[in-house]
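Q: Pasting the sequence and the predicted coordinates here, then a few questions.
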Amino acid sequence: QDPDMGNNSLQSYQLSNSKYFTLEVQTGVGGVKYAELVLQKSLDREEQAVHHLILTATDGGDPVRSGTAQIHVIVLDANDNAPVFNQSVYKADVLENVPIGTVVVTLNANDKDEGINSEITYQLRKITDKGSQVFQLNAKSGVISVVGDVDFEESEAYEMEVQANDGGGLSTRCKVLIQ
């Protein structure tokens with residue numbers, strides 16, 4: 001606030017350059033001026049998480065006096081990115097009669113969001129009955145391991161579809177081929 005009156009009082013505001021924000025100066029009761037920060041373009045946390053602005057207020061005195069305020073706009077995450085697998089198809093070779101617990105393949109999906117929106121869980125979407133007796137998927141780690149007898153006389157290959165879900169409800173799928 002500027003306690004001066006007339007020309008010596010607050011005359012203008014200026015905002016540092018920004019492609020996202022502009023300043024609108026309003027005049028309230030009694031001619032008091034105040035600034036409103038206006039969003040001009042949508043913000044994306046993955047593009048820029050924090051915006052640093054400087055607001056300068058100047059009066060009409062001689063000499064001109066000014067004051068500045070630093071404004072830090074922190075962009076919160078929106079669940080605007082689905083998980084993405086590193087590969088659309090994972091292929092793994094496994095020998096017959098490997099021990100129970102043998103890791104066959106580790107699936108990996110990432111999400112550009114943050115917090116719960118980036119937490120990935122994995123789930124089997126399509127698998128044969130025989131495949132579900134031989135392999136299991138760890139929902140947290142994405143590891144597919146052996147839980148039964150691998151016997152290629154019973155099945156030449158095992159194909160499954162796995163879905164990666166983020167904490168905000170978005171998902172993606174990949175195929176897994178084990179032979």
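A: Cool, the structure landed.

Q: Now do the most centrally placed residue in the chain against residue 78, distance only.
A: In the chain, the residue lying closest to the centroid (C-alpha atoms, centre = their mean) is residue 113, at 1.1 Å. Distance of residue 113 to residue 78, computed by C-beta to C-beta, to the nearest Å: 8 Å. Every C-beta, even on glycine, is put in place using the N, C-alpha and C of the backbone.

Q: May I have the secondary structure class of the residue nearest to residue 40 when sequence neighbours are not counted?
A: Spatial nearest neighbour of residue 40, excluding adjacent residues (C-beta to C-beta, 6 or more residues apart in numbering): residue 22 at 5.4 Å. Recorded secondary structure, residue 22: strand (DSSP: H, G, I helix; E, B strand; the rest coil).

Q: Please name the residues that touch residue 22.
A: 15, 37, 38, 40 (C-beta atoms under 8 Å, 6 or more residues apart in numbering).

Q: how does it look with 10 Å?
A: 15, 36, 37, 38, 39, 40, 41 (C-beta atoms under 10 Å, 6 or more residues apart in numbering).

Q: ditto for residue 73
A: Counting by C-beta under 10 Å, 6+ apart, residue 73 makes contact with 18, 20, 21, 37, 39, 43, 48, 49, 50, 51, 52, 53.

Q: State the distance from the residue sitting furthest away from the middle of the chain to residue 32.
A: No residue in the chain sits farther from the centre than residue 62, which is 50.2 Å out by C-alpha atoms, centre = their mean. Counting by C-beta to C-beta, the gap from residue 62 to residue 32 is 22 Å.

Q: Same question for residue 70.
A: For residue 70, the distance to residue 32 - C-beta to C-beta - is 23 Å.

Q: Also residue 19?
A: 30 Å.

Q: Between these two, which is the more surrounded one?
A: residue 32 (12 against 8; other C-beta atoms under 10 Å).

Q: Now the phi/psi pair for that one, please.
A: Dihedral angles of residue 32 (phi, psi; degrees, to the nearest 10) stand at phi -70, psi 130.

Q: Give me the nearest residue to residue 179, chain neighbours excluded.
A: Nearest to residue 179 is residue 157, by C-beta to C-beta, 6+ apart, at 4.2 Å.

Q: how near is that neighbour to residue 70?
A: The value you get for residue 157 to residue 70, if C-beta to C-beta is used, is 61 Å.
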